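Undergrad: I would like the atomic coordinates for the input below:
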Amino acid sequence: MNILVTGANGQLGNEMRIISKDTTDSYVFTDVVEVEGAETTILDITDVKAIREIVKEKGIRCIVNCAAYTNVDKAESDEALCRKLNAEAPKLLAEAMKEVDGLLVQISTDYVFGGDPYNTPCREEQKGTPTGVYGKTKLEGEKNIEAVGCDYVIIRTAWLYSEFGKNFVKTMLNLTATKPKLNVVFDQAGTPTYAYDLAMVIKNILADYEKECPKDGYSKNGIYHFSNEGVCSWFDFTKKIAELAGNTECDIQPCHSDEFPSPVKRPAYSVLDKTKIKQTFGVKVPYWTDSLKVCMGNMQVIK
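TA: Next comes the predicted model:
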């Protein structure tokens, strides 16, 4: 099966490169820029002509859309571009897959929630209540895909990190190693997600789709939630990162989110209920601290 990955030089895209090596599928990795050492086909996902051309030329059956506008704060002042990438581009990708009876795997976010107070894990059918432009445009992207009517699997995830690019784990590794004291938010709860674990889930979904080879629509079309298991705050997350790295000299203290002014209100509780994806695809989800150890071991920073 021929699979196209967008945003291939990002965190999840790089993990998709890794898992692709253990499959017989043919992958085309695309991004808007090239990175040294990574074979990349240039593709602008806002260019409908370019999308259709590459789908036809490469005989693409599935698209995994890892590309997005993810700067939550900057999105508030850059709404037009954010909407173009997060809402309009997924529609173009969906239309391209509908034309060839293919599958779109779209990565979405826990930021589609947050406007209402939650104290139980968010389920897929729960109404989206985003509080900022980023969450709103990602939710619009979901709705646009559904409206197109192609085969699709939308995966909402949260707190993504990996060995690649910039992320919270790398930032905290540096800060806890160099700062004598650090204040970290404790009033926002969620679950970290190791991008490799998410890539493995996507791999399973693609294999299932190829096996079913749907003629009249994929039987598992829909929205799913995936993160690692467990619940923590950003403070707890930081404490575990520092502990594993042996950064014991830094005094890490909890603080309130309003101590870090932001143009957008972030979800206070965005733990995702993963029952549906586990039952539908037989997914076994690792606990967040176990996956963090694996990732940091790959970074060779565990003491």
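
Undergrad: V33 contacts N9, correct?
TA: Yes. At 6.9 Å, V33 counts as touching N9 under the criterion of CB atoms under 8 Å. For every residue, glycine as well, the C-beta is placed using N, CA and C.

Undergrad: Overlap of the contact sets of the two?
TA: Residues within reach of V33 and of N9 at once, by CB atoms under 8 Å, 6 or more residues apart in numbering, are T40.

Undergrad: More neighbours: which of those two?
TA: Using other CB atoms under 10 Å as the criterion, V33 and N9 rank with N9 on top: 21 against 7.

Undergrad: Could you report the pLDDT at the more buried one?
TA: Looking at N9, its pLDDT stands at 97.

Undergrad: Contact partners for it?
TA: 31, 33, 35, 38, 40.

Undergrad: from the residues you listed, which two are the most distant?
TA: Greatest spacing in these, by CB to CB: V33 and A38 (10.4 Å).

Undergrad: what mean pLDDT does stretch 75-95 have?
TA: 98.

Undergrad: So which residues make contact with that stretch?
TA: The contact list for stretch 75-95 (CB under 8 Å, 6+ apart) reads 6, 45-46, 48, 51, 63, 65, 67-69, 71, 104, 106, 132-134, 137-138, 140-142, 144-145, 147-148, 150, 152, 263-264.

Undergrad: From the residues you listed, list just the buried residues.
TA: Among the contacts of stretch 75-95, the ones that count as buried by 16 or more other CB atoms under 10 Å are 6, 45, 48, 51, 63, 65, 67-69, 104, 106, 132-134, 137-138, 140-142, 144-145, 148, 150, 152, 264.

Undergrad: Okay, strands next: where are they in the stretch 151-300 of the chain?
TA: Along the stretch 151-300 of the chain, the stretches classed as strands by DSSP state E, counting those that start in this stretch are 151-157, 160-161, 181-185, 189-190, 193-194, 222-225, 232-233, 251-255.

Undergrad: avg pLDDT for the fourth one?
TA: Spelled out, that is strand 189-190. 96.

Undergrad: tell me what that strand is packed against?
TA: In terms of contacts (3 or more CB pairs under 8 Å, 6 or more residues apart in numbering; DSSP states H and E), strand 189-190 is packed against strand 232-233.

Undergrad: Same check on the first one?
TA: Of the remaining helices and strands, those touching strand 151-157 by 3+ CB pairs under 8 Å, 6+ apart are helix 89-99, strand 103-109, helix 133-148, helix 195-212, strand 222-225.

Undergrad: Format the ones you listed as TSV; extra columns: distance to K276.
TA: Shown next, in TSV, are the helices and strands packed on strand 151-157 (distance: least, CB to CB, whole Å):
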stretch	distance to K276
helix 89-99	21
strand 103-109	14
helix 133-148	15
helix 195-212	12
strand 222-225	6
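
Undergrad: Name the member of the contacts of N9 with the most neighbours.
TA: Going by other CB under 10 Å, D31 tops those with 22 neighbours.

Undergrad: What's the separation between Y209 and F281?
TA: Look at Y209 and F281: by CB to CB, to the nearest Å, they are 10 Å apart.

Undergrad: Give me the more crowded residue out of those two.
TA: Using other CB under 10 Å, the more surrounded residue of Y209 and F281 is Y209, with 22 against 16.

Undergrad: Who does the closest residue to that one other than its chain neighbours form a beta bridge with?
TA: Sequence neighbours aside, L103 is the residue nearest to Y209 in space, at 5.1 Å (criterion: CB to CB, 6 or more residues apart in numbering). Beta-bridge partners of L103, counted by DSSP bridges, are C62, D151.

Undergrad: Please identify the buried residues of stretch 295-303?
TA: 295-296, 301.

Undergrad: Mind putting those residues into a markdown table with pLDDT and distance to K181?
TA: As requested, the buried residues of stretch 295-303 are exported to a markdown table (pLDDT from 0 to 100; distance: CB to CB, whole Å):
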| residue | pLDDT | distance to K181 |
| --- | --- | --- |
| C295 | 98 | 25 |
| M296 | 97 | 22 |
| V301 | 87 | 21 |
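
Undergrad: Looking at these, which is nearest N167?
TA: Closest to N167, out of all of the buried residues of stretch 295-303 and judged by CB to CB, is C295, at 9.7 Å.

Undergrad: so what's that closest one closest to, chain neighbours aside?
TA: Y194 (5.3 Å).

Undergrad: ditto for R52
TA: A96 (5.7 Å).

Undergrad: Since that was my last question, I'll sign off now.
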